[in-house]
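*Asks:* what follows is a protein structure lacking sequence information:
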(Lines give C-alpha, C1' and ligand atoms only; values in the text may rest on other atoms or scores of the structure.)
Protein backbone atom coordinates (compact mmCIF):
# COMPACT_ATOMS: atom_id res chain seq x y z
CA UNK A 1 0.00 0.00 0.00
CA UNK A 2 1.36 3.43 -0.96
CA UNK A 3 1.08 6.34 1.50
CA UNK A 4 0.45 9.62 -0.44
CA UNK A 5 2.73 12.47 0.55
CA UNK A 6 1.52 16.10 0.61
CA UNK A 7 2.02 17.75 -2.77
CA UNK A 8 3.23 14.57 -4.38
CA UNK A 9 1.06 12.79 -6.86
CA UNK A 10 0.92 9.08 -6.28
CA UNK A 11 1.97 6.99 -9.23
CA UNK A 12 -0.09 3.86 -9.65
CA UNK A 13 1.97 0.72 -9.32
CA UNK A 14 1.77 -1.75 -12.13
CA UNK A 15 1.03 -5.24 -10.85
CA UNK A 16 4.05 -7.49 -11.12
CA UNK A 17 3.74 -10.13 -13.75
CA UNK A 18 4.92 -13.63 -12.92
CA UNK A 19 8.23 -14.48 -14.48
CA UNK A 20 7.69 -17.08 -17.18
CA UNK A 21 9.81 -20.19 -17.00
CA UNK A 22 12.57 -20.40 -19.53
CA UNK A 23 11.91 -23.14 -22.00
CA UNK A 24 14.67 -25.33 -23.22
CA UNK A 25 15.31 -24.40 -26.82
CA UNK A 26 16.81 -27.72 -27.78
CA UNK A 27 15.51 -30.48 -25.51
CA UNK A 28 16.89 -33.10 -27.87
CA UNK A 29 20.40 -32.22 -26.71
CA UNK A 30 19.61 -33.45 -23.23
CA UNK A 31 18.08 -36.65 -24.57
CA UNK A 32 21.03 -37.53 -26.76
CA UNK A 33 23.80 -35.94 -24.69
CA UNK A 34 25.44 -39.30 -24.01
CA UNK A 35 25.45 -40.26 -27.68
CA UNK A 36 26.89 -36.85 -28.57
CA UNK A 37 29.71 -37.38 -26.08
CA UNK A 38 30.47 -40.82 -27.51
CA UNK A 39 30.47 -39.37 -31.02
CA UNK A 40 32.88 -36.61 -30.05
CA UNK A 41 35.23 -39.11 -28.38
CA UNK A 42 35.18 -41.42 -31.41
CA UNK A 43 35.80 -38.49 -33.75
CA UNK A 44 38.74 -37.29 -31.67
CA UNK A 45 40.08 -40.84 -31.52
CA UNK A 46 39.86 -41.16 -35.31
CA UNK A 47 41.60 -37.81 -35.80
CA UNK A 48 44.46 -38.84 -33.50
CA UNK A 49 44.84 -42.09 -35.40
CA UNK A 50 44.65 -40.41 -38.82
CA UNK A 51 47.35 -37.86 -38.03
CA UNK A 52 49.48 -40.57 -36.35
CA UNK A 53 49.83 -38.72 -33.07
CA UNK A 54 50.67 -42.12 -31.61
CA UNK A 55 51.90 -45.20 -33.48
CA UNK A 56 49.22 -47.64 -34.61
CA UNK A 57 50.50 -50.33 -32.25
CA UNK A 58 49.86 -47.97 -29.32
CA UNK A 59 46.62 -46.36 -30.49
CA UNK A 60 44.73 -48.61 -32.90
CA UNK A 61 42.00 -47.35 -35.16
CA UNK A 62 38.41 -47.48 -33.88
CA UNK A 63 37.62 -49.87 -36.72
CA UNK A 64 40.33 -52.27 -35.50
CA UNK A 65 38.83 -52.30 -32.02
CA UNK A 66 35.38 -52.87 -33.48
CA UNK A 67 36.67 -55.78 -35.59
CA UNK A 68 38.30 -57.28 -32.49
CA UNK A 69 35.05 -57.00 -30.55
CA UNK A 70 33.03 -58.50 -33.41
CA UNK A 71 35.42 -61.43 -33.62
CA UNK A 72 35.20 -62.17 -29.89
CA UNK A 73 31.42 -61.89 -29.97
CA UNK A 74 31.13 -64.08 -33.06
CA UNK A 75 33.19 -66.93 -31.64
CA UNK A 76 31.42 -66.63 -28.27
CA UNK A 77 34.61 -66.34 -26.22
CA UNK A 78 33.74 -62.95 -24.76
CA UNK A 79 30.59 -64.02 -22.90
CA UNK A 80 32.22 -66.18 -20.18
CA UNK A 81 34.56 -63.29 -19.35
CA UNK A 82 31.69 -60.81 -19.15
CA UNK A 83 29.69 -63.20 -16.98
CA UNK A 84 32.61 -63.82 -14.63
CA UNK A 85 33.28 -60.14 -14.07
CA UNK A 86 29.58 -59.31 -13.74
CA UNK A 87 29.05 -61.99 -11.08
CA UNK A 88 32.08 -60.77 -9.12
CA UNK A 89 30.91 -57.16 -9.37
CA UNK A 90 27.32 -57.82 -8.31
CA UNK A 91 28.34 -60.14 -5.49
CA UNK A 92 30.94 -57.71 -4.18
CA UNK A 93 28.53 -54.80 -4.52
CA UNK A 94 25.82 -56.61 -2.60
CA UNK A 95 28.17 -57.76 0.16
CA UNK A 96 29.87 -54.38 0.53
CA UNK A 97 26.63 -52.39 0.53
CA UNK A 98 24.91 -54.77 2.95
CA UNK A 99 27.78 -54.69 5.44
CA UNK A 100 28.12 -50.91 5.13
CA UNK A 101 24.41 -50.37 5.79
CA UNK A 102 24.47 -52.58 8.86
CA UNK A 103 27.64 -51.16 10.44
CA UNK A 104 26.80 -47.62 9.37
CA UNK A 105 23.44 -47.80 11.11
CA UNK A 106 25.03 -49.17 14.28
CA UNK A 107 27.78 -46.53 14.23
CA UNK A 108 25.24 -43.76 13.67
CA UNK A 109 23.36 -44.79 16.82
CA UNK A 110 26.27 -45.78 19.05
CA UNK A 111 29.36 -43.71 19.72
CA UNK A 112 30.94 -46.78 21.31
CA UNK A 113 30.57 -48.84 18.12
CA UNK A 114 31.90 -45.93 16.09
CA UNK A 115 34.94 -45.60 18.34
CA UNK A 116 35.67 -49.33 18.08
CA UNK A 117 35.30 -49.61 14.31
CA UNK A 118 36.63 -46.25 13.12
CA UNK A 119 40.37 -47.13 13.34
CA UNK A 120 39.86 -50.31 11.32
CA UNK A 121 37.68 -48.60 8.72
CA UNK A 122 40.10 -45.70 8.28
CA UNK A 123 43.07 -48.06 8.04
CA UNK A 124 41.42 -50.11 5.29
CA UNK A 125 40.40 -46.99 3.38
CA UNK A 126 43.78 -45.27 3.63
CA UNK A 127 45.64 -48.32 2.32
CA UNK A 128 45.51 -48.70 -1.49
CA UNK A 129 43.62 -51.77 -2.52
CA UNK A 130 46.50 -52.92 -4.73
CA UNK A 131 48.60 -53.23 -1.56
CA UNK A 132 46.50 -55.91 0.12
CA UNK A 133 44.82 -57.41 -2.94
CA UNK A 134 47.70 -59.92 -3.41
CA UNK A 135 47.11 -61.13 0.15
CA UNK A 136 43.44 -61.64 -0.60
CA UNK A 137 44.39 -63.68 -3.67
CA UNK A 138 46.56 -65.92 -1.47
CA UNK A 139 44.03 -66.24 1.35
CA UNK A 140 40.92 -66.62 -0.82
CA UNK A 141 41.70 -68.39 -4.11
CA UNK A 142 39.33 -68.27 -7.03
CA UNK A 143 36.58 -65.71 -7.49
CA UNK A 144 36.25 -65.10 -3.74
CA UNK A 145 39.28 -62.80 -3.69
CA UNK A 146 37.85 -60.63 -6.48
CA UNK A 147 34.48 -60.43 -4.72
CA UNK A 148 36.08 -59.44 -1.41
CA UNK A 149 38.24 -56.83 -3.12
CA UNK A 150 35.17 -55.35 -4.77
CA UNK A 151 33.28 -55.38 -1.47
CA UNK A 152 36.11 -53.60 0.36
CA UNK A 153 36.23 -50.81 -2.22
CA UNK A 154 32.46 -50.39 -2.07
CA UNK A 155 32.28 -50.52 1.72
CA UNK A 156 33.75 -47.14 2.76
CA UNK A 157 31.74 -44.72 0.55
CA UNK A 158 28.53 -46.58 1.37
CA UNK A 159 29.39 -46.53 5.08
CA UNK A 160 29.93 -42.76 5.02
CA UNK A 161 26.66 -42.24 3.15
CA UNK A 162 24.83 -44.32 5.76
CA UNK A 163 26.35 -42.35 8.64
CA UNK A 164 25.53 -38.99 7.07
CA UNK A 165 22.03 -40.05 6.06
CA UNK A 166 21.01 -41.42 9.45
CA UNK A 167 22.56 -38.62 11.48
CA UNK A 168 20.97 -35.92 9.34
CA UNK A 169 17.47 -37.00 10.31
CA UNK A 170 15.94 -33.93 12.02
CA UNK A 171 15.74 -34.20 15.80
CA UNK A 172 12.26 -32.71 15.92
CA UNK A 173 10.98 -35.54 13.76
CA UNK A 174 12.61 -38.06 16.09
CA UNK A 175 10.92 -36.33 19.03
CA UNK A 176 7.62 -36.54 17.18
CA UNK A 177 8.05 -40.28 16.73
CA UNK A 178 8.79 -40.67 20.46
CA UNK A 179 5.73 -38.65 21.41
CA UNK A 180 3.68 -40.83 19.08
CA UNK A 181 5.09 -43.88 20.93
CA UNK A 182 6.47 -45.36 17.72
CA UNK A 183 8.47 -48.54 18.00
CA UNK A 184 12.10 -48.80 16.91
CA UNK A 185 11.02 -50.55 13.72
CA UNK A 186 8.41 -47.90 12.93
CA UNK A 187 10.98 -45.15 13.47
CA UNK A 188 13.38 -46.97 11.19
CA UNK A 189 10.88 -47.71 8.41
CA UNK A 190 8.76 -44.55 8.54
CA UNK A 191 11.37 -41.92 9.38
CA UNK A 192 15.02 -42.93 9.08
CA UNK A 193 14.84 -44.79 5.78
CA UNK A 194 12.82 -42.14 3.87
CA UNK A 195 14.92 -39.30 5.32
CA UNK A 196 18.26 -40.96 4.57
CA UNK A 197 17.26 -42.44 1.20
CA UNK A 198 18.56 -39.55 -0.99
CA UNK A 199 22.00 -39.74 0.60
CA UNK A 200 22.03 -43.53 0.50
CA UNK A 201 21.19 -43.63 -3.20
CA UNK A 202 23.88 -41.06 -3.94
CA UNK A 203 26.39 -43.27 -2.16
CA UNK A 204 25.09 -46.31 -4.02
CA UNK A 205 25.82 -44.60 -7.33
CA UNK A 206 29.45 -44.22 -6.31
CA UNK A 207 29.58 -47.75 -4.94
CA UNK A 208 28.17 -49.22 -8.15
CA UNK A 209 30.98 -47.78 -10.25
CA UNK A 210 33.69 -48.61 -7.71
CA UNK A 211 32.61 -52.24 -7.55
CA UNK A 212 33.86 -52.73 -11.11
CA UNK A 213 37.29 -51.45 -10.10
CA UNK A 214 37.54 -53.93 -7.23
CA UNK A 215 36.78 -56.93 -9.40
CA UNK A 216 39.21 -55.84 -12.11
CA UNK A 217 42.06 -55.30 -9.62
CA UNK A 218 41.73 -58.90 -8.46
CA UNK A 219 41.58 -60.20 -12.02
CA UNK A 220 44.66 -58.23 -13.02
CA UNK A 221 46.67 -59.73 -10.17
CA UNK A 222 45.68 -63.36 -10.53
CA UNK A 223 42.74 -64.06 -12.77
CA UNK A 224 42.08 -66.83 -15.24
CA UNK A 225 38.84 -65.33 -16.55
CA UNK A 226 37.06 -62.00 -16.65
CA UNK A 227 37.55 -58.70 -18.44
CA UNK A 228 40.49 -57.81 -16.22
CA UNK A 229 42.14 -61.03 -17.32
CA UNK A 230 41.61 -59.95 -20.94
CA UNK A 231 43.38 -56.67 -20.22
CA UNK A 232 46.36 -58.53 -18.82
CA UNK A 233 46.28 -61.04 -21.71
CA UNK A 234 46.16 -58.24 -24.28
CA UNK A 235 49.12 -56.46 -22.68
CA UNK A 236 51.13 -59.68 -22.52
CA UNK A 237 50.49 -60.40 -26.21
CA UNK A 238 50.68 -56.71 -27.14
CA UNK A 239 47.19 -57.01 -28.56
CA UNK A 240 46.14 -53.41 -27.91
CA UNK A 241 42.73 -53.73 -29.65
CA UNK A 242 41.88 -56.50 -27.18
CA UNK A 243 42.83 -54.20 -24.30
CA UNK A 244 40.54 -51.51 -25.70
CA UNK A 245 37.70 -54.03 -26.05
CA UNK A 246 38.01 -55.09 -22.41
CA UNK A 247 38.25 -51.49 -21.17
CA UNK A 248 35.21 -50.41 -23.20
CA UNK A 249 33.18 -53.33 -21.88
CA UNK A 250 34.21 -52.51 -18.31
CA UNK A 251 33.20 -48.88 -18.78
CA UNK A 252 29.88 -49.97 -20.29
CA UNK A 253 29.26 -52.25 -17.32
CA UNK A 254 29.93 -49.41 -14.86
CA UNK A 255 27.66 -47.05 -16.81
CA UNK A 256 24.82 -49.59 -16.85
CA UNK A 257 25.12 -50.11 -13.09
CA UNK A 258 25.10 -46.37 -12.54
CA UNK A 259 22.05 -45.96 -14.78
CA UNK A 260 20.25 -48.76 -12.94
CA UNK A 261 20.77 -47.02 -9.60
CA UNK A 262 19.74 -43.68 -11.12
CA UNK A 263 16.54 -45.30 -12.43
CA UNK A 264 15.82 -46.75 -8.98
CA UNK A 265 16.51 -43.34 -7.46
CA UNK A 266 14.05 -41.69 -9.83
CA UNK A 267 11.38 -44.20 -8.85
CA UNK A 268 12.00 -44.23 -5.09
CA UNK A 269 12.30 -40.45 -4.82
CA UNK A 270 9.44 -39.60 -7.14
CA UNK A 271 7.65 -37.99 -4.17
CA UNK A 272 10.25 -35.22 -4.18
CA UNK A 273 9.01 -33.98 -7.57
CA UNK A 274 5.59 -33.10 -6.23
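*Replies:* Cool, the structure landed. Everything numeric in this text was worked out from a predicted model, so none of it was measured. Numbers count the residues shown, from 1 in each chain.
*Asks:* elements contacting the helix or strand hosting residue 41?
*Replies:* Assigned by DSSP states H and E, residue 41 belongs to helix 33-50. When contacts are defined as 3 or more C-beta pairs under 8 Å, 6 or more residues apart in numbering; DSSP states H and E, helix 33-50 packs onto helix 62-74. Glycine gets a C-beta too; all of them are placed from N, C-alpha and C.
*Asks:* the helix it packs on: what's the following helix or strand?
*Replies:* helix 78-109.
*Asks:* quick one: contacts for the nearest residue to residue 222 once chain neighbours are set aside?
*Replies:* Counting by C-beta to C-beta, 6 or more residues apart in numbering, residue 222 lies nearest to residue 137, which is 4.5 Å off, once chain neighbours are set aside. Applying C-beta atoms under 8 Å, 6 or more residues apart in numbering, we find residue 137 in contact with 145, 218, 221-222.
*Asks:* at 6 Å instead, please
*Replies:* Listed by C-beta atoms under 6 Å, 6 or more residues apart in numbering, the contact set of residue 137 reads 145, 221-222.
*Asks:* neighbour-wise, give me the winner out of those residues.
*Replies:* residue 145 (25 neighbours; other C-beta atoms under 10 Å).
*Asks:* go ahead and confirm that one touches residue 134.
*Replies:* No: in this structure, residue 145 is not within contact of residue 134 by C-beta atoms under 6 Å, at 9.2 Å.
*Asks:* report pLDDT for residue 5.
*Replies:* On the pLDDT scale, residue 5 is placed at 47.
*Asks:* and residue 117, which helix or strand is it part of?
*Replies:* Assigned by DSSP H and E, residue 117 falls in helix 111-126.
*Asks:* elements contacting that helix?
*Replies:* helix 78-109 (3 or more C-beta pairs under 6 Å, 6 or more residues apart in numbering; DSSP states H and E).
*Asks:* buried set for the helix it packs on?
*Replies:* 78, 81-82, 84-86, 88-93, 95-97, 99-101, 103-108 (16 or more other C-beta atoms under 10 Å).
*Asks:* try stretch 258-274
*Replies:* 258, 261, 265.
*Asks:* what does it contact?
*Replies:* Contacts for stretch 258-274 (C-beta under 6 Å, 6+ apart): 201, 204-205, 208-209.
*Asks:* relative to the whole chain's centre, how far out is it?
*Replies:* With C-alpha atoms, centre = their mean, to the nearest Å as the basis, stretch 258-274 stands 14 Å off its chain's centre.
*Asks:* counting neighbours, what do you get for residue 219?
*Replies:* Residues near residue 219, counting by other C-beta under 10 Å, number 27.
*Asks:* in the stretch 1-150 of the chain, where is pLDDT below threshold?
*Replies:* 1-28 (pLDDT under 70).
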